[in-house]
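[1] generate coordinates for the sequence data below:
(chains A, B and C)
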Amino acid sequence: MQEPGQKISLIPNVNLKTGAVLGGIFLALAFFPVFVSSPFYLHLMILIFLYSLLGGAWNILGGYAGQVSLGHAVYFGLGAYTSTILLLECNLSPWLGMLAGGLAAVLVSLALGYPCFRLRGHYFVIATIALGEIVFVLFVNWEWVGGAVGKYLPILPASLASFQFARKEPYYYIAFAFLGAQLLCTYLMEKSYLGYYFRAVKDDPDAARSLGINITRYKLVAMALSAFFVAVGGTFYAQYVLYIDPESVLPMMLSIQVCLIAILGGVGTLWGPVLGAAIMIPLSEFSRAYLGGGGTALDLLIYGLLIMIIAVVKPSGLMGIITRK
Amino acid sequence: MPEATSAIIIQTIFTGLLWGCIYALIALGLTVIFGVMDIVNFAHGEFLMASMFLAYLFNVWWGLDPLLALPLVTIVLFFFGVGTYRVLIRPVLNAPMLAQIFATFGLLVFLRSLAQFLFSADYRMIETVAVGGRVEVLGAFLARPQLVAAAGAMIMFALVYLFITKTKTGWALQAVAENKQAAALMGINSGRMFALAWGIGAACVGVAGALLANFYYVFPEVGAIFGFLAFVTVALGGFGSVPGAFFAGLIIGVTEALAGVFILPSLKYAVVFVIYLLVVLIRPRGLMGTA
Amino acid sequence: MVFFAAEGITKQFGGLLACHKVDLQINEGEIVGLIGPNGAGKSTFFALVAGFYKPDAGKVFFLGEEITGMAPEEICRRGIARTFQIVRPFGSMTVLENILVGAFFRDKNKKRAAAWAEEVLAFTGLAARRDVLAGELTIADKKRLELARALATRPKLLLLDEVMAGLNPKETQEAVELVQAINQRGVTLFVVEHVMEVIMPISHRVMVLDGGNKIAEGPPEEVAKNPEVIKAYLGEKYYAAG
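    You can find the predicted model right below:
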C-alpha cells in the first residue's frame, strides 16, 4: 500500500553537510598526533576518547533503554582488574585479557541486572549505587587483587602485542579506534530493532510488553552491551596508567562522571556523550593544570551548575541545541 | 555468653540505636519530599553537609555552640529547601524522571564541589562544645553529644510527625501526597505544599546537621555517606512512609554498628547495602511502602 | 478447536469481587463486544485476558493452548494484541516509529518491518501524521495509533479497550469503520466499550458484565431487550453515541 515516490524507509538520511563535517573532524583527529606532539594535549585527547567511550557505553543502557545506572564503575573496575590479574598471574596478553574482562563484565552485569531490573525508577538507581559501593568495599578488602594498595602492571617491552608503549601516540590511536568501534556499534544498534525496543522500554514498559517485547530481556541486552564497552575502557586505562587500585578504577565518582558526561551531551543520542566528554574533560584537565591542582573541584562545580541548567532548560542535553529538538 | 561479649553487644546496640535516630531524621526529610511529590532529592546528603558547615562556621565566626546555632541553621535550611524547590524543582515538575534525577543530581555535584572549593577537602571538627564527655547507661558508655543528638533527632521527628498528622496544613500536605487533583479541587495550592515539603525536608537535615556537627567531622564529602544511608533507609522503610523511615533508621543504625564490630569495620556499609538489596528485591516497595 | 475461551474467570481485589466465574467463547472471525456500566469489571476482565493480571481462579485458552496468567509478551507471541484504555503512545517516537515497534515483533528485519509498518500506517489512516511525535497527537489519533501499533504485531485476536471513548461522532464513525475493516482482513476482535450504542451495530455477539458477573450474552438485538441488562444500565442515561 506504499504510495510510489513517497520517501518510505527509515534508512539514514545521510546529509551531505553533516557527512562533510564528520569527515573533516575524523581527518583532523586522525592526523592530530602528526602535528601536535605535546604530551599534555595527547593525554587530554586520550582522556576525551576514553570518557566518550564510557559515556557512550553508559548511554546505551541509561540513555536509550532509560535504566539509569550509577554503578558503572563496577564494570570499569572489572575490565581493569581482570586483564591485569590475568597478565600478572597467567601472563595472558592484555588483548585477550581485555576480552576476558569484557566477558566478565557482561556476566556480572547480567547476574546483577536480572534481579535489579525488577525494580523501577528510584529503587533501581539506588540499587546500582549500592552495588557499586559493595563491589568497591569488596575489592578494598580483597588482598589477592592487591586490596587498597592496588596492583602495578609489569613493565614490558613496548609493542602492540604487549599493549604497552613508551609514547602516547599509540595509545591515542587505540583509544580512537575503541571509541570508533563503540560508536559504530551504537549506531547500528540505534538503527536496528534494538534501538526501537530500547526506546519503547524507556517510554512505556507496559505498552512495550503488550507489543510482545520481553522488557527484562532487552534491558539485559542493553546492560550487557553497556558493561562490555565500559570494561574495555577499564583495560585500556590499566594499560595506559599501568597501575590500578580501587580508588582509581572503582570509585563512585567515576560512575557519576560517566553518567554526567552522557547527560551533559544528551542522553539517547549517538554523539551526545562525545560532546559531553569534549566539554567536560578539558574543563577538568585545564582547571587541574592551571587552577592549582585537582583539590579545588572547580571543574565539578561548573559541571554541577551545567547539569542543573541543562535539566531545567534543556533536558535533551547539548545535542538538543544542535539538533534543535 | 561471656560477660565481655554481651557488654560489647549492649554497647554496640546502644550506639547503633543512637545513630539510628539520626539516620531516621535524615531519612524523614527525604521521605517527606518524596511522599508529597514523587521526587528523590539526590542532594539530600549535601543539604546535611551544608547545615553541618553552617553550624561549624557559626562556631568559628561567633563562637556559637552548635546546639545554640541549631534553630538558626534549621531556619536557613528551611528557606534553602524552599528556594531549591522554586528555582530548580518547579521547572522540572512535569519533565521526564531523568530530568528530575539530573536536576537534584546536578545540585549534589554543585554543592559538594562548592564546599570543596571554598573549604578544601579537609576534615574539620568543632573544638570545644558545651555538651561533651560520656555517660554510662546499663553498662554501656555513650558519648553525651551523641545522646543529645539522638534525643534531638527524635524530638524533631516527633514534631514533624505531629505537624503532618495533627495540623490542618499537615493534612493538606497529606492530601496533596494522596491525590494532587483531588487536593486541588479542595482548594489546596499544591505548589505551596511542594515548597513546604522541601522546606520541611531540608529543615530535618538542618536539625540533624547541627546535632551532628557537635561531635562529628565536618568535610565536603560528609554528605555522601549520610545521604546514601538516607536513600537506603527510605527505600527500606518504603518511599514516602514516615513510620517506615523511623523503623528503617533504627534497623540501619543497629545493623551497621553490629557489622562494624562483628564483621569488619571497613565492611559495615557494604552490609547495609546488601540488606537494602535483599529488602527491595524481596519487597520492591520497601518494608512499609504502598504504591 | 475453540478459537478463544475463558472459563470461570474470577478475580478479587481485597474485598472487591471484580470478576466472578465469567465464561466467554469467541469464534474465529467474530467481533465480540463486552459492555457494562462503570465498575462492572470490564477492565479487570480485559486485563486478565491480556496477561496483565493473573486470575484467582479460571482458565483462559487460545487456539487450544492454555494461556492463563501468561506474561503480556507471551500472550502477544501467541497472537493476541491489545490497546490501552488510557492511551500509552511512545511519546518520544513518531507515529511511524510507534507502529514500527509493533511491526518488529514478527520480523526483526528493518526493511521488511518498515514496509509492513507503512502498510499499517496507510490502512489505519494515519499516513498524514506519519512523522509527527506521538505525544503531540490529538486524542482521536492517539487512539488510532494504539490500534495501529497493536495491529502491527499481526494478531489473530485483537483486544480493544474503549478505543472509542471520548471521541466525537465523526471520529467514532471513523473508528467503527476501521474496526470493521480490520475484521474484514480476518482479525477476530474483542471490543470493550462503555457506551452500548457504539458496540451494538458492529458486534456479532455481545457479553454484558455487571458487578463482576456475566448477566447476558447473545446477539446484540436480543441482549438489548434483556430486562437484566436494561436494569443494569438504568440510571445510566441511554444516550446516543457521542
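
[2] check contacts around the spatially most central residue of chain A.
    Among the residues of chain A, the one closest to the centroid is A:L54, at 1.2 Å (CA atoms, centre = their mean). Contact partners of A:L54, counting by CB atoms under 8 Å, 6 or more residues apart in numbering or on different chains, are A:72, A:76, A:229-230, A:233, A:258, A:261, A:273. Any C-beta I mention is one placed from the backbone N, CA and C, and that applies to glycine too.

[3] which phi and psi values does the residue of chain B found nearest chain C adopt?
    Nearest residue of chain B to chain C: B:P96, at 8.7 Å (CB to the nearest CB). With angles defined as degrees, to the nearest 10, B:P96 sits at phi -60, psi 160.

[4] and B:A43, by the same measure?
    When read as degrees, to the nearest 10, the backbone of B:A43 gives phi -90, psi 10.

[5] what about it, how many neighbours?
    27 (other CB atoms under 10 Å in any protein chain shown).

[6] what about it, distance to B:I75?
    19 Å (CB to CB, to the nearest Å).

[7] check the contacts of A:L54 and tell me the two furthest apart.
    Using CB to CB, these reach their maximum pairwise distance at A:F76 and A:P273, which is 14.6 Å.

[8] what about these two, which has more around it?
    Neighbours per residue (other CB under 10 Å) separate A:F76 from A:P273, with A:P273 holding more: 36 against 32.

[9] list the contacts for the closest residue to that one other than its chain neighbours?
    Excluding the flanking residues, the one nearest A:P273 by CB to CB, 6 or more residues apart in numbering or on different chains is A:G55, at 3.2 Å. Going by CB under 8 Å, 6+ apart, A:G55 touches A:258-259, A:261-262, A:265, A:272-274, A:276-277.

[10] for PyMOL, what selects the buried ones among these?
    Filtering the contacts of A:G55 down to the buried ones (16 or more other CB atoms under 10 Å in any protein chain shown) takes a single PyMOL command:
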select buried, chain A and resi 258+259+261+262+265+272+273+274+276+277
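
[11] just the contacts of A:G55 now: which is nearest B:T233?
    Among these, and counting by CB to CB, the member closest to B:T233 is A:C259, at 23.1 Å.

[12] any idea how far B:L196 is from that closest one?
    31 Å.

[13] which residues of the stretch 51-200 of chain A lie near chain C?
    By CB under 8 Å from any CB of the partner chain, the residues of the stretch 51-200 of chain A that approach chain C are A:191-193, A:196-197, A:199-200.

[14] considering only those residues, which also neighbour chain B?
    Applying CB under 8 Å from any CB to these, none is adjacent to chain B.

[15] most neighbours, which of the residues you listed?
    Counting by other CB under 10 Å, top hit in those: A:A200 with 30 neighbours.

[16] which strand or helix spans that one?
    helix A:193-203 (DSSP states H and E).

[17] any bit of the helix or strand that comes right after that helix sitting next to chain B?
    Downstream of helix A:193-203, the first helix or strand assigned by DSSP H and E is helix A:205-210. No. Judged by CB under 8 Å from any CB, helix A:205-210 stays clear of chain B, getting no closer than 12.5 Å.

[18] report the next helix or strand after helix A:205-210 in sequence order.
    helix A:215-241.

[19] quick one: the strands in chain A?
    A:151-152, A:243-244 (DSSP state E).

[20] return the most buried member of the ones you listed.
    strand A:243-244 (a mean of 20; mean count of other CB atoms under 10 Å in any protein chain shown).

[21] still on that earlier bit, of the contacts of A:G55, which pair is most distant in space?
    Top of the distance list for the contacts of A:G55 (CB to CB): A:C259 and A:V274, 15.1 Å.

[22] now do the phi/psi pair for residue 158.
    Because you didn't say which chain, this covers chain A. According to degrees, to the nearest 10, A:A158 has phi -70, psi 120.

[23] sorry, I should have been clearer: chain C.
    Per degrees, to the nearest 10, the backbone of C:L158 is at phi -120, psi 130.

[24] quick check: it touching C:V187?
    Yes. The criterion here is CB atoms under 8 Å, and C:L158 meets it with C:V187 at 5.3 Å.

[25] who touches both of the two?
    Joint contacts of C:L158 and C:V187 (CB under 8 Å, 6+ apart) are C:L151.

[26] okay, these two: which has more neighbours?
    C:L158 (24 against 21).

[27] that one: what's it in contact with?
    C:80-83, C:147, C:150-151, C:182, C:187-190.

[28] okay, and which of these map to helices?
    In helices, judged by DSSP state H, the following of the contacts of C:L158 are found: C:147, C:150-151, C:182.

[29] give me the number of residues near the residue nearest to A:Y237 when sequence neighbours are not counted?
    Closest residue to A:Y237 apart from its sequence neighbours, by CB to CB, 6+ apart: A:A80 at 5.7 Å. Counted with other CB under 10 Å, residues neighbouring A:A80 total 30.

[30] so where is the chain shaky, pLDDT-wise?
    Since you didn't name a chain, this refers to chain A. A:1-14, A:291-296, A:323-325 (pLDDT under 70).

[31] not quite, I wanted chain C
    C:234-242.

[32] can you name the residues of it that neighbour chain A?
    Residues of chain C lying near chain A (CB under 8 Å from any CB): C:50, C:52, C:71-73, C:76-77, C:81-82, C:84, C:88-93, C:96-97, C:100-102, C:104-105, C:108, C:110-111, C:113-115, C:118-119, C:122-123, C:127, C:149-150, C:152-153.

[33] I'd like to know which of those are buried.
    For the residues of chain C next to chain A, buried by 16+ other CB under 10 Å: C:50, C:52, C:72-73, C:76-77, C:81-82, C:84, C:88-90, C:92-93, C:96-97, C:100-102, C:104-105, C:110, C:113-115, C:118-119, C:122-123, C:127, C:149-150, C:152-153.

[34] before we move on, the earlier item: now distance to B:G201 too, for the contacts of C:L158, in a markdown table please.
    Conversion of those to a markdown table gives the following (distance: CB to CB, whole Å):
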| residue | distance to B:G201 |
| --- | --- |
| C:I80 | 46 |
| C:A81 | 44 |
| C:R82 | 40 |
| C:T83 | 40 |
| C:L147 | 44 |
| C:A150 | 43 |
| C:L151 | 47 |
| C:I182 | 51 |
| C:V187 | 52 |
| C:T188 | 53 |
| C:L189 | 50 |
| C:F190 | 48 |
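
[35] what's around B:F80, how many residues?
    B:F80 has 21 nearby residues by other CB under 10 Å.

[36] can I assume it sits in a helix?
    Yes. Assigned with DSSP: H, G, I helix; E, B strand; the rest coil, B:F80 falls within a helix.

[37] contacts only, for it.
    Taking CB under 8 Å, 6+ apart, one finds B:47, B:50, B:202 in contact with B:F80.

[38] one more time with 10 Å, if that's ok
    B:47, B:50-51, B:54, B:111, B:198-199, B:202-203, B:205-206 (CB atoms under 10 Å, 6 or more residues apart in numbering or on different chains).

[39] among the residues you listed, who's most crowded?
    B:V205 (35 neighbours).

[40] which residue ranges of chain C form strands?
    Using DSSP E, strands in chain C cover C:4-13, C:16-26, C:31-35, C:57-62, C:65-66, C:80-82, C:157-161, C:188-192, C:205-210, C:213-218.

[41] check those for me and report the most buried one.
    It is strand C:80-82: most buried of these by mean count of other CB under 10 Å, with a mean of 28.
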